[in-house]
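Trainee: For reference, the sequence and a predicted model appear below.
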Amino acid sequence: MRIICLPLLLLLGACDGPGLFALGAVNVASLTLTGRAVGDIVVSGVSGRDCSIVRIDRGLSYCGPDTAAEPPPPAFCTRSLGVVDCWTTPPLATPAHRGVADAPVPVGGDMRRWPYLW
């Protein structure tokens with residue numbers, strides 16, 4: 001138990017030079033590599049959102065919008081020799097490839113109403 005408590009007691013020193021230097025070096029390295037400080041990584045992991053102090057520097061909110069709610073684009077699948085190939089964007093070809101099955105198309109604001117009906 002003493003072996004565990006001793007390193008924890010060393011972290012409690014508020015004016016500890018080497019500890020502050022090490023924490024600052026870790027934060028600088030983390031901020032450079034990931035764009036987030038160590039505390040930001042913890043907050044992002046708990047909240048599930050992209051939180052970063054860099055966003056505040058850019059004039060944005062601390063945590064970005066929840067991007068997990070956006071559905072991925074439907075796959076475009078075509079027949080090949082014995083297999084089905086799928087892409088996130090249709091391949092450029094003339095004439096256009098026929099899809100294997102029609103995927104549900106996301107309905108935008110303009111498509112929800114019939115044009116010139118109202």
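Mentor: Arrived safely, thanks for sending. Numbers count the residues shown, from 1 in each chain.

Trainee: need the next SSE after the one helix or strand Ile4 maps to, C-terminal direction.
Mentor: Secondary structure from DSSP states H and E places Ile4 in helix 2-11. The first helix or strand that comes after helix 2-11 along the chain, using DSSP H and E, is helix 17-34.

Trainee: Next, the buried residues of that next one.
Mentor: Going by neighbour count (16 or more other C-beta atoms under 10 Å), the buried part of helix 17-34 is Asn27, Ser30, Leu31. Every residue, glycine included, has its C-beta placed from N, CA and C.

Trainee: Packing partners of that helix?
Mentor: With contacts taken as 3 or more C-beta pairs under 8 Å, 6 or more residues apart in numbering; DSSP states H and E, helix 17-34 sits against helix 38-47.

Trainee: what's the following helix or strand after the helix it packs on?
Mentor: Later in the chain than helix 38-47, the nearest helix or strand by DSSP H and E is helix 53-57.

Trainee: buried residues in that following helix?
Mentor: Of the residues in helix 53-57, those buried by neighbour count under the rule 16+ other C-beta under 10 Å are Arg55.

Trainee: residues in contact with that helix?
Mentor: Contacting residues not belonging to helix 53-57 are listed as Leu31, Gly35, Arg36, Ala37, Gly39, Asp40, Ser61, Tyr62, Cys63, Gly64 [C-beta atoms under 8 Å, 6 or more residues apart in numbering].

Trainee: Quick check: the gap between Leu23 and Leu8.
Mentor: In this structure, Leu23 lies at 15 Å from Leu8, with C-beta to C-beta, to the nearest Å as the measure.

Trainee: List the contacts of the nearest residue to Phe76 once chain neighbours are set aside.
Mentor: With C-beta to C-beta, 6 or more residues apart in numbering as the measure, Pro90 is the residue that lies nearest to Phe76, at 4.5 Å, once sequence neighbours are left out. Shown here is Pro90, whose contacts under the criterion C-beta under 8 Å, 6+ apart are Phe76, Ala96, His97, Gly99.
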